[in-house]
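sharing a model that was predicted from the sequence below.
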Amino acid sequence: MEPQIVTVVVTGGEDPDLLRKRVASRLPRCVVQTVRADTTTNGFFVEMIAAQTLRAYGTTDLLARKPELDLLLRLAGTTQISKAIKQVGSKKGDPFLLVVGGPGDSLRRFHWKELGGSLLEKRRLSDSELDRIEVAALLNVEKA
C-alpha cells in the first residue's frame, strides 16, 4: 500500500509532545512528529520532505536513528539535532504542525478533526521550497 502523509495545523493550547505521543500510540506503524507552525504553510512541501524520510526508513539512509528525528532534520535542512530543534521544534503553547506519515490504511481510519486542527493546505511548490527539498535530500551526502 502506498504511504500517505498528513499535516494538521494545531492552533489550540495542546502540548505538542503529548499530542505526538498520543497519536503515535494510536498509529504505531506511522512516523509522527510536531514542528513549529511557521516551518511552512504548504502541505505539499511537508509531503515531499516526509516522503524522503519514509523512503529512508528501514535503510541506512536515515539521518538519525529514529525516523521522527530524520524528519525534523530534513525540515530544518541540517544534520545537527540541536540546530533542528531550535529552528523548527514545536513549543508548548504555540501553534504547531502535526506531521504523520505511514501506510495509507492506518491514516484513513484516523479521525483528524478530533485533534481540534485543520489539514494544512497543499499548493504548488515555490522555488525556495524546491530548494529546501533539494537541501533535505542532499543531507545524506553531508552525513557520509
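In hand now; what should we look at? Numbers count the residues shown, from 1 in each chain.

using the three-state scheme, assign the most centrally placed residue in the chain.
Centroid-nearest residue in the chain: Val99, 4.0 Å away (criterion: CA atoms, centre = their mean). What DSSP: H, G, I helix; E, B strand; the rest coil gives for Val99 is strand.

ok, it - contacts?
When contacts are counted by CB atoms under 8 Å, 6 or more residues apart in numbering, Val99 touches 5-7, 31-35, 46, 50, 71. Glycine gets a C-beta too; all of them are placed from N, C-alpha and C.

excluding chain neighbours, give the residue nearest to Leu119 in space.
Once flanking residues are discounted, Leu119 sits nearest to Val8: 6.1 Å by CB to CB, 6 or more residues apart in numbering.

can you list the strands that the helix or strand hosting that neighbour pairs with?
If you go by DSSP states H and E, Val8 is part of strand 3-10. Strand pairing for strand 3-10, determined by DSSP bridges: strand 96-103 (antiparallel), strand 118-119 (antiparallel).

which one of those strands lies nearest to Gly13?
Nearest of the strands paired with strand 3-10 to Gly13, taken as CB to CB: strand 96-103 at 11.0 Å.

give the buried residues for that closest one.
Neighbour counts over strand 96-103 (16 or more other CB atoms under 10 Å) mark 96-102 as buried.

can you report how many residues neighbour the closest residue to Ile81 other than its chain neighbours?
In space, and not counting its chain neighbours, Ile81 is closest to Leu69: 6.3 Å by CB to CB, 6+ apart. By the criterion of other CB atoms under 10 Å, Leu69 has 17 neighbours.

run through who's touching the lowest-mean-pLDDT helix or strand in the chain.
Ranked by mean pLDDT, DSSP states H and E, the weakest helix or strand in the chain is helix 104-108, scoring a mean of 78. Residues outside helix 104-108 that contact it (CB under 8 Å, 6+ apart): 1-4, 6, 27, 29-30, 100.

would you point out the most distant pair within those residues?
Longest span within the contacts of helix 104-108, CB to CB: Glu2 and Leu27, 16.1 Å.

between the two, who's got more neighbours?
For Glu2 versus Leu27, neighbours defined as other CB under 10 Å are more numerous around Leu27 (18 against 6).
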